[in-house]
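Novice: Show me the folded form of this:
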Amino acid sequence: MSNIELALDMAGNIKGAFAVAVVDYDSGMTLGSRGGSPEFDLEVAAPGNSDVVRTKLDLMEKLGLRETIEDILITLDTQYHLIRPVRGNPDEKLFFYLVLNRAQANLAMARRDLRMIEQQFYMGNPVVAPRPPADGQAFFPAGTGHR
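Specialist: Presented below is the predicted three-dimensional model:
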């Protein structure tokens, strides 16, 4: 299983996750995705958010901000859209795009979980984490306060 597939499986297991993708914001190409629906076309939404990331990075450069984006949150009536750039190889300009159902999600926990997934995703030697159980249980073990 590729690193992208593993990260998508883990992110898709975050409580309230409706859709998730890994996107190259330089080209707008989606490298992998899970979820979505006929009413929510992830293949349109994910690369469309490349513009959001590029615009924010451009503005930060113009303002002379020497910081990095931790995440970008877009709050809708029934959804949270969380964009998290992947830190690591500067030649690859990737971000996670996670869509959460607001009624089911815990935003603070989802941000923490996605941060952990992103950190594992692009370490020098990625740690291969276990696959989520087939019975639909959460990736994060019981007792961690996740659920």
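
Novice: What residues are bridge-paired with the residue nearest the centre of the chain?
Specialist: For the chain, the residue sitting closest to the mean C-alpha position, by CA atoms, centre = their mean, is Phe96 at 2.9 Å. Each beta-bridge partner of Phe96 is listed here, defined by DSSP bridges: Val22, Arg84.

Novice: in this structure, which spans are helices?
Specialist: Remark: helices assigned in the chain by DSSP state H are 3-12, 42-48, 50-62, 107-121.

Novice: surely the residue nearest to the centre of the chain meets Asp24?
Specialist: No. With contacts counted by CB atoms under 8 Å, Phe96 stays clear of Asp24, the gap being 11.8 Å. To be clear about C-beta, it is placed using only N, CA and C from the backbone, and glycine gets the same treatment.

Novice: residue ranges with poor pLDDT in this protein?
Specialist: Along the chain, the model assigns pLDDT under 70 to residues 1, 124-147.

Novice: run the last query once more with 90
Specialist: Filtered on pLDDT under 90, the chain yields the residue ranges 1-3, 36-39, 87-92, 120-147.

Novice: Not counting its neighbours along the chain, what's nearest Gly48?
Specialist: In space, Gly48 comes closest to Gly28 once its chain neighbours are excluded; the distance is 7.9 Å by CB to CB, 6 or more residues apart in numbering.

Novice: just Ile72 next, same as before
Specialist: Taking CB to CB, 6+ apart as the measure, Ile72 lies nearest to Ile83, with 4.1 Å between them; neighbours along the chain are not counted.

Novice: Please verify my assumption that Val22 contacts Ala7.
Specialist: Yes. Applying CB under 8 Å, one finds Val22 in contact with Ala7, separated by 6.6 Å.
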